[in-house]
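S.K.: sequence and predicted structure below; questions after.
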Amino acid sequence: MENFFNLLKNIVLASETFDKIIILGKGSTVTSIDPSTYKNSFIININDSERIQKGNLCLFKNAWVLESLNENGFQAQNYVTVNETMVNANFAKDKFNFVDYNNISFESFDSLISDFNSRDFYLSDFLVLSALKVAYLISQIKNKNLKVYLLGFDFKITEKSVINDYSGHELEYKNILFLTQKAYLKFIKKYINDTGSNEIIHVGSTEISDISIDQYNKTFSERKAKTNKTFDMQSAYDDLINRVKKENYVIVVAELTNNHLGDEERLRKMIRLAKEAGADMIKVQKREVDSFYSKDELKSPYTSPFGITLKDYRSGVELTEHLFSVLIEECNAHQIIWFASVLDYPSLKFIERFDPVLVKLPSTISNHKSYIKKVAKEFSGDVVVSTGFTDKDYESFVLDTFLPGRNLFLLQCTSSYPAPPEACQIGVVRHYEEISIVKNLSGLIPGYSSHDIGNIGSMLAVAAGAKMIEKHVKLGNMDWVHFDGVALDLLDNTFGDFVSAVRKAELLTGSKTKQIHHQEHHKYKVHTK
């Protein structure tokens, strides 16, 4: 350990001034990193990630890496490997340094801590652990804690995402290995952060990520002054409405429900991932728990981490004033519009303090017509209304209450979770569009609140005329959360696939005007006299 520490000390002292450490992998997301962000960093390459960006120190142990490095011309400044790798090799030996190899069995989390705290330094199959230990030693050499950014660690690859892979391993094997390594990295990352030796920050869009690639780029890019623009939500909303009415654009809403669980970091991550997946708007919910439910309902059993009653759960997952300020801050940072379902009058007055561009009246309160009329009277902005568990009488009531004078998004909805195919009634969307034409209601915008499984219902809704599609989203599986079963996961890009499907339906639907498309041509030439 003493020999390696002295070696590392010489490398650090010979390096240019740096204020952060980067541990660099080769996941496909690394291609989205702005190259200027690598400046002022001590870069630790894992395997042959020097193909992305050459570093100060490269850690590897397998022979296939040596072949790739040789082909790339050994761009890193220094290499740390095991002796076996260099047998019969005749490469730039002055750059190479040798340590022992230790095979981590991945049998327990406790072994990771003991390995990390060991006085010995060695390489293992879990090279990230060795890299984190290098970062820890660098902080000792610099005599200060440092931020360590993990770039290019996606823990999942496909054929399309492979970047110059020389390992020869099948995708299935690598992805299974990545799942194990992700679990261990999550554990050791928390341990290091809790002990305060360094701050480990994973950059990406997995459940262990701390910031997105976009956030990282904005923080360190030399172009950040040009990209950090002030976000005017009202102007953004006006532009979106203009696109809906003139360009056949479909608004995709990521409905967070209560899946943020009242947790600030979880809320921030959901907003970020929804934006990266292509959502146009973020929606949350607001209700006054103590008055919205009866006393008996509040006392009813409900098991959650917050307690054993429904009141415990509902109070735990409700957004506080602080969390609403976090919501607005994060939406501004990622330039995405937010709005909220307001389920009662106190919630409406609460939300109005934040100057929302629109609010929603969900199916849950469709029987509260006196409250709905009060919203129409006191709130002058645009409104979204879901029509689950209602009939044509409610439709007439909503139209008479809110139009004309504003934009009304009227969403066909089935209050069933999940909604079976025969209950989706996509034809109602077409009915709403017909109403807007027949009654000349330019402010009526049809839409679909999807509680069905998969993409096909929403794609059909777009074809039927929907200009707003709302879909529940979640951050991993939480069996105790309401509506979790119909929500699409932000972590595995299921929601991103859903947005892509909506955009495809939007493209396929096209214009109502029948005309010769520029892609058309006759198969055979027609000769005319």
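M.R.: It's in.

S.K.: break the protein into its domains for me.
M.R.: 2-220, 253-291+319-509 (automatic domain parsing).

S.K.: what's the closest of these to Asn242?
M.R.: domain 253-291+319-509 (11.1 Å; C-beta to C-beta). For every residue, glycine as well, the C-beta is placed using N, CA and C.

S.K.: mind checking the end-to-end distance for the closest one?
M.R.: Domain 253-291+319-509 has an end-to-end distance of 19 Å (criterion: C-alpha to C-alpha, to the nearest Å).

S.K.: how far away from the center of its chain is that domain?
M.R.: 18 Å (C-alpha atoms, centre = their mean, to the nearest Å).

S.K.: report pLDDT for Leu240.
M.R.: On the pLDDT scale, Leu240 is placed at 96.

S.K.: one step back: and the domains of the chain, which one's lowest on average pLDDT?
M.R.: The bottom spot among the domains of the chain, by mean pLDDT, belongs to domain 2-220, with a mean of 81.

S.K.: would you map the helices across the stretch 301-450 of the chain?
M.R.: 310-317, 321-333, 345-352, 369-378, 392-402, 427-438 (DSSP state H, counting those that start in this stretch).

S.K.: could you say which of the domains of the chain is packed most deeply?
M.R.: domain 253-291+319-509 (a mean of 19; mean count of other C-beta atoms under 10 Å).

S.K.: any chance of the helices of the stretch 301-450 of the chain in JSON lines, plus distance to Lys54?
M.R.: Output for the helices of the stretch 301-450 of the chain, formatted as JSON lines (distance: least, C-beta to C-beta, whole Å):
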{"stretch": "helix 310-317", "distance to Lys54": "47"}
{"stretch": "helix 321-333", "distance to Lys54": "32"}
{"stretch": "helix 345-352", "distance to Lys54": "51"}
{"stretch": "helix 369-378", "distance to Lys54": "60"}
{"stretch": "helix 392-402", "distance to Lys54": "61"}
{"stretch": "helix 427-438", "distance to Lys54": "54"}
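
S.K.: which one of the ones you listed lies closest to Lys286?
M.R.: Of the helices of the stretch 301-450 of the chain, nearest to Lys286 by C-beta to C-beta is helix 345-352, at 4.1 Å.

S.K.: packing partners for that closest one?
M.R.: The contact analysis (3 or more C-beta pairs under 8 Å, 6 or more residues apart in numbering; DSSP states H and E) places helix 345-352 against strand 281-286, strand 337-342, helix 369-378.

S.K.: which residues sit against the last one?
M.R.: In this case it means helix 369-378. With C-beta atoms under 8 Å, 6 or more residues apart in numbering as the test, helix 369-378 has contacts from 342, 344-345, 348, 359, 361, 365-366, 383, 397-398, 401-402.

S.K.: could you redo the last one with a cut-off of 10 Å?
M.R.: 342-345, 348-349, 352, 359, 361, 365-366, 368, 383, 385, 394, 397-398, 400-403, 405-406, 408 (C-beta atoms under 10 Å, 6 or more residues apart in numbering).

S.K.: wait, Asp48 sits on Gly73?
M.R.: No - contact criterion C-beta atoms under 10 Å: Asp48 and Gly73 do not qualify, at 11.4 Å.

S.K.: Gln519: which of the domains of the chain is closest?
M.R.: That would be domain 253-291+319-509 among the domains of the chain, by C-beta to C-beta, at 12.1 Å.

S.K.: helix or strand: which one has the nearest residue to Val462 once chain neighbours are set aside?
M.R.: Spatial nearest neighbour of Val462, chain neighbours left out: Ala505 (3.9 Å); criterion: C-beta to C-beta, 6 or more residues apart in numbering. Using DSSP states H and E, Ala505 maps to helix 494-509.

S.K.: what's that helix packed up against?
M.R.: Judged by 3 or more C-beta pairs under 10 Å, 6 or more residues apart in numbering; DSSP states H and E, helix 494-509 is in contact with strand 251-255, helix 264-277, strand 444-450, helix 456-464, strand 468-474, strand 488-489.

S.K.: go with 6 Å
M.R.: Based on contacts counted as 3 or more C-beta pairs under 6 Å, 6 or more residues apart in numbering; DSSP states H and E, the elements that helix 494-509 packs against are helix 264-277, helix 456-464, strand 488-489.

S.K.: for Ser291, which of those is the nearest?
M.R.: Of these, nearest to Ser291 by C-beta to C-beta is helix 264-277, at 24.0 Å.

S.K.: so what touches the closest one?
M.R.: 205, 212, 254, 256, 260, 282, 326, 330, 334, 336, 475, 490, 495-496, 499 (C-beta atoms under 6 Å, 6 or more residues apart in numbering).

S.K.: list the contacts for Cys413?
M.R.: Ser363, Ser386, Thr387, Gly388, Ser449.

S.K.: who is the second one paired with across the strands?
M.R.: When you say that, I think you mean Ser386. Per DSSP bridges, the residues bridged to Ser386 are Leu411.

S.K.: picking that back up, make JSON lines from the helices and strands packed on helix 345-352 and add distance to Gly27 to it.
M.R.: Listed next are the helices and strands packed on helix 345-352 as JSON lines, based on distance: least, C-beta to C-beta, whole Å:
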{"stretch": "strand 281-286", "distance to Gly27": "27"}
{"stretch": "strand 337-342", "distance to Gly27": "30"}
{"stretch": "helix 369-378", "distance to Gly27": "47"}
